[in-house]
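Enquirer: Attaching a predicted model along with its sequence, questions to come.
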Amino acid sequence: MDRVFNFSPGPATLPLPVLERAQKELVSCGGHGMSVMEMSHRSKMYMEIIEAAEAELRELMGIPDNYKVLFMGGGATMQFSCVPINLKQNGKADYIVSGSFAKKASQEAAKFLDVNVVASSKDTNFNCIPDLANAKFDPDADYVHITTNNTIYGTRYTKLPEVGDVPLVADASSNILSEPMDVSRFGLLYAGAQKNIGIAGVTIVVIREDLIGRAAENTPVMLDYKTYADSESMYNTPPCYPIYIAKLVFDWLKEMGGVPAIQAINEMKANLLYDYLDNTSFYHATAKKADRSLMNVTFTLPEPAMDALFVKEAAENGLVNLKGHRSVGGIRASIYNAMPMEGVQKLVDFMADFEKRHG
């Protein structure tokens, strides 16, 4: 069958060239006569893959030399625990709660240290990034945690909070590599792979070296960042195939011109969709304009009863996974790096037709 345009929030659409290359190399990768899934993770052939993946990520993100890149499992959700376990010093941390995953991160951290929610946009159903004008950050906090893009609610930080010398920690799962990030502004960045990096199974952690080695002695070995840093993410068998796919995505992104080039494309895609939403009374964009995400566009129809019909008809037109999250309702179009402009244009054309027939 022909491929559909997949607007899923994750696992998300992958670049077609990546899928085609993975298909070509599935049985025999690099002329080695075996699949990546069969390679010993300590073999020379696999070490070349993981080392290239790290080198390319460093190049794409401009990661400074005093930061380690760790390839971990467990998804971003495991990092909700790893961060407080590894960074706990004074036993307290500041969290900005801008959505569901930011809230979950703060709740998990509260099992390990005292959490201070310095700001939240819960009272407006997370339709914006919290106002930090009167936020009181604790200069003795072990870290400040943010979620850079809110997948469910369609919002993102366009400006990082000023936190002084306290390490800034970010869950960047849904907008990593979509626009340039100054890694030096963060003590730690982490991201699940299944949105802009590749497939589920590997989590990228970028951590400043001075923050490694702070975990208590009784920390489980696989939750300690030092384990991964000391072993080059090879303490045990890493998620080999997801790392390989990530490497292919990095190859593709470099061929596209890197992160600044993909940012320009992402802005064109988002502007196309938001411009349509802003010029119709039939649909309503749910996120405040100043904080709109480039990756996840959320909107509602005149009546909630129309949602199912919209999703059904869209799928019949090759536009799938558009149902909004249950906490928001409506429609969500996730337009990550791999979503082509053609897919967004087809969605806008369908929306106009749907409005004409049902408005």
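Expert: The structure has been received and is ready for your questions. Quick caveat: nothing in here was measured; it's all calculated off a predicted structure.
Enquirer: Give the helix, strand or coil label for R357.
Expert: helix (DSSP: H, G, I helix; E, B strand; the rest coil).
Enquirer: what's the neighbour count on it?
Expert: 8 (other Cβ atoms under 10 Å). Using the backbone N, CA and C atoms, a C-beta is placed for each residue, glycine as well.
Enquirer: How about D349?
Expert: Using other Cβ under 10 Å as the criterion, D349 is surrounded by 13 other residues.
Enquirer: okay, it: pLDDT?
Expert: At D349 the predicted local confidence, pLDDT, stands at 98.
Enquirer: quick one, phi/psi of it?
Expert: Backbone torsions for D349, taken as degrees, to the nearest 10, come to phi -60, psi -40.
Enquirer: distance of it from G359?
Expert: Separation of D349 from G359 (Cβ to Cβ, to the nearest Å): 15 Å.
Enquirer: And for I265?
Expert: Applying Cβ to Cβ, the value for I265 to G359 is 30 Å.
Enquirer: Ok, R292 next?
Expert: Between R292 and G359 the computed distance is 23 Å (Cβ to Cβ).
Enquirer: Can you pick out the residue with more neighbours from these two?
Expert: When neighbours are counted by other Cβ under 10 Å, R292 and G359 differ, and R292 comes out ahead with 21 against 12.
Enquirer: In the sheet, which residues pair with that one? Tell me.
Expert: Beta-bridge pairing of R292 under DSSP bridges involves T155.
Enquirer: And the pLDDT at it?
Expert: The model reports R292 with a pLDDT of 98.
Enquirer: now do M1
Expert: So, for M1, pLDDT stands at 59.
Enquirer: go on, V297?
Expert: Note on V297: pLDDT of 98.
Enquirer: quick one: it is in a strand?
Expert: Yes - for V297, which was evaluated using three-state DSSP, the result is membership in a strand.
Enquirer: Isn't it up against L272?
Expert: No - in this structure V297 lies outside contact range of L272 using Cβ atoms under 8 Å: 10.0 Å.
Enquirer: so which helix or strand takes in N116?
Expert: Element membership of N116, judged by DSSP states H and E, is strand 114-120.
Enquirer: now swap in I262 and tell me
Expert: Secondary structure from DSSP H and E places I262 in helix 259-278.
Enquirer: For that helix, which helices and strands make contact with it?
Expert: The helices and strands touching helix 259-278, judged by 3 or more Cβ pairs under 8 Å, 6 or more residues apart in numbering; DSSP states H and E, are strand 284-285, strand 296-300, helix 341-358.
Enquirer: quick one: which of those is nearest N116?
Expert: Relative to N116, the nearest member of the helices and strands packed on helix 259-278 by Cβ to Cβ is strand 296-300, separated by 27.5 Å.
Enquirer: Please pull up the helix or strand immediately following that closest one.
Expert: Proceeding C-terminally, strand 296-300 gives way to helix 307-316 as the next helix or strand, assigned by DSSP H and E.
Enquirer: and that following helix, how far out from the chain's middle?
Expert: Using Cα atoms, centre = their mean, to the nearest Å, the distance from the centre of helix 307-316 to the centre of the chain it belongs to is 26 Å.
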